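Participant: Would you be able to build a 3D model of this:
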Amino acid sequence: MREKDNMLRSLLRLNRKPLAAGQDGPPDLDELFKDLKNKVDRMFTGTAKKSGGNFNNPQSIKPRDPLPIGPILIIVLLVWMASGFYIVDQGQRGVVLRFGENTEVSLPGPRWHIPYPIETVETVNLEQVRTIEVGYRSSGSTGSVTNELRESLMLTGDENIIDLQFAVQYNLKSVKDFLFNNRSAEKSVRGAAETAIREVVGKSKMDFVLYEGREEIVIGTKALMQDILDRYATGINITSVTMQNAQPPQQVQAAFDDAVKAKQDLERQINEGQAYANDIIPKASGTASRLIAEANGYRVSIENEASGNASRFDQILTEYKRAPEVTRTRLFLEAQEGIMSSVSKVIVDQKESNSLLYLPLDKIIQQSNSAKNSGLDLSKASNDPGGNISTSDVINSITDRSRSALRARERDGR
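Facilitator: You can find the predicted model right below:
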């Protein structure tokens, strides 16, 4: 009501006429309303009645050309309809909202919607890769990095504190969910990232997180983050998780470096020992295999030799049972033959005469070998009266004499 009163007062002030000379009272309201009516008539009909004139006089009405309301309305309507055209770029999606409610998700290309205020369009880049930083903030202009200890300090499964910084990259997989289920996409992703990394780190040991388990930590964090975001239907797809830095807190960094150095020395010594073992074990294995093979060969040869000796002894025993004297004599002679064939000097004691027979076999053998080297025939040399005596003849002669002496001793003993 107050606004209407103010508007009416404004109109009255605009249509207020100056008072005539000597008139002290307020202006006539009828005159004011007549003037206002005439202005409205001139606006829409082009005619107006003169204030205070004779309404019965047609000369008091002045005709005017009417305004072209129809074409103006058509032009305004066309402009309003043309404002509904829009273009969706490649990689983007257009979300059409009718009075705030989603009605359509448009693909790239030229599109049209009912203009404002009935429908509006919000374009969202579906393929753009967005990045958030957890545990630190980097300045793109200066390149400086600021640590966020509230986000980076985490507790491991073995009750140690580590400083962990990582970056998360993501894009969109559902434009509708992204617009209507997220109040702040960056806060949602950062919250899911902190929750996931703290859960994964809390189940792991410190050395595993800092060294050999980095890849597994990243894989587990990415999977858990995606699961959390999908449960809340955020329409966000995690493309990668990168661990930027993982270290103990600054207060214990020196002690931790000493422990790391000691561990590296231990690993180095283990590697050196392993290298030495890899070098010496094959050699020892080869030597052991060779010794085992030689032992097996020696065992086989001894067994074969023993088997042969046993078989030969059985044969000799059989012959000995048949003819003991002959067998003993044969064995003795074979022994003498084996002994004399390996000596160079032979002395024979003849019982009939108290004289010793000396046979220089070494010289005889030497002469025989020289005769062979010079191409002479030993058989011819033995027939030559002035030639050398052959070795076979000497051995046969000695054997015959030994047999004769042995027989003579046996006869004397009887």
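Participant: In contact with Val79, which residues?
Facilitator: Residues in contact with Val79 (CB atoms under 8 Å, 6 or more residues apart in numbering): none are found. C-betas here are computed from N, CA, C, even on glycine.
Participant: any idea which helix or strand carries it?
Facilitator: helix 69-82 (DSSP states H and E).
Participant: okay, that helix in PDB with CA atoms only?
Facilitator: The C-alpha trace of helix 69-82 is given here as PDB (Å, rounded to 0.1, in the frame of the first residue of the first chain):
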ATOM      1  CA  ILE A  69       2.100  -2.000 -31.400                       C
ATOM      2  CA  GLY A  70       1.800  -5.200 -33.400                       C
ATOM      3  CA  PRO A  71       5.100  -5.000 -35.300                       C
ATOM      4  CA  ILE A  72       6.900  -4.000 -32.100                       C
ATOM      5  CA  LEU A  73       5.500  -7.000 -30.300                       C
ATOM      6  CA  ILE A  74       6.600  -9.300 -33.200                       C
ATOM      7  CA  ILE A  75      10.100  -7.900 -33.200                       C
ATOM      8  CA  VAL A  76      10.400  -8.200 -29.500                       C
ATOM      9  CA  LEU A  77       9.100 -11.800 -29.700                       C
ATOM     10  CA  LEU A  78      11.600 -12.700 -32.400                       C
ATOM     11  CA  VAL A  79      14.500 -11.200 -30.500                       C
ATOM     12  CA  TRP A  80      13.400 -13.200 -27.400                       C
ATOM     13  CA  MET A  81      13.100 -16.400 -29.400                       C
ATOM     14  CA  ALA A  82      16.500 -15.800 -31.000                       C
END
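Participant: What is the subsequent helix or strand relative to that helix?
Facilitator: That would be, after helix 69-82 and using DSSP H and E, strand 85-88.
Participant: who's in contact with the helix or strand that that following strand is followed by?
Facilitator: Downstream of strand 85-88, the first helix or strand assigned by DSSP H and E is strand 92-98. The contact list for strand 92-98, computed with CB under 8 Å, 6+ apart, reads 86, 88, 102-108, 111, 113-114, 118-126, 175-176, 179.
Participant: Inside strands: which ones of these?
Facilitator: Under the assignment DSSP state E, the contacts of strand 92-98 contribute 86, 88, 102-106, 111, 119-125 to strands.
Participant: From the residues you listed, list just the buried residues.
Facilitator: Using 16 or more other CB atoms under 10 Å as the burial test, the ones in strands among the contacts of strand 92-98 include 88, 105-106, 111, 119, 121, 123-124 as buried.
Participant: Pick out the most distant pair among the residues you listed.
Facilitator: Taking CB to CB as the measure, those span a maximum distance of 16.3 Å, between Glu119 and Val124.
Participant: Met225 and Ser188 touch, don't they?
Facilitator: No - with contact defined as CB atoms under 8 Å, Met225 does not reach Ser188; the gap is 10.4 Å.
Participant: So for these two, which residue has more residues nearby?
Facilitator: More neighbours surround Met225 than the other of Met225 and Ser188, with 24 against 20 (other CB atoms under 10 Å).
Participant: secondary structure class for the nearest residue to that one once chain neighbours are set aside?
Facilitator: In space, not counting the residues next to it along the chain, Met225 is nearest to Ala196; the distance is 4.4 Å by CB to CB, 6 or more residues apart in numbering. Following DSSP: H, G, I helix; E, B strand; the rest coil, Ala196 is assigned to helix.
Participant: Any idea how many residues pack against Ala196?
Facilitator: By other CB under 10 Å, 24 other residues sit near Ala196.
Participant: Remind me which helix or strand Glu31 belongs to.
Facilitator: Using DSSP H and E, the element containing Glu31 is helix 29-44.
Participant: Give the rounded mean pLDDT of that helix.
Facilitator: In this model, helix 29-44 has a mean pLDDT of 66.
Participant: swap in stretch 256-264?
Facilitator: On average, stretch 256-264 scores 84.
Participant: Also stretch 138-158?
Facilitator: Computed over stretch 138-158, the average pLDDT equals 82.
Participant: circling back: nearest to Gly70, of the ones in strands among the contacts of strand 92-98?
Facilitator: Glu119 (26.3 Å).
Participant: gap between the closest one and Arg198?
Facilitator: As judged by CB to CB, to the nearest Å, Glu119 and Arg198 stand 44 Å apart.
Participant: just Val209 next, same as before
Facilitator: From Val209 to Arg198 the distance is 12 Å (CB to CB).
Participant: Over to Gly338?
Facilitator: Gly338 is 95 Å from Arg198, by CB to CB.
Participant: what do you get for Glu294?
Facilitator: Taking CB to CB, one finds Glu294 at 66 Å from Arg198.
Participant: where along the stretch 251-400 of the chain do the helices fall?
Facilitator: Counting by DSSP state H, counting those that start in this stretch, the stretch 251-400 of the chain has helices at residues 253-322, 324-340, 361-373, 378-383, 391-413.
Participant: what stretches of the stretch 201-350 of the chain score poorly on pLDDT?
Facilitator: Where the stretch 201-350 of the chain drops to pLDDT under 70, the residues are 343-350.
Participant: One more pass at 80, please.
Facilitator: Residue ranges of the stretch 201-350 of the chain with pLDDT under 80: 260, 336, 338-350.
Participant: got it, and the stretch 1-150 of the chain?
Facilitator: Using pLDDT under 80, the stretch 1-150 of the chain drops low at 1-70, 89, 91, 100-104, 106, 119, 139-144.
Participant: Understood, closing this out.
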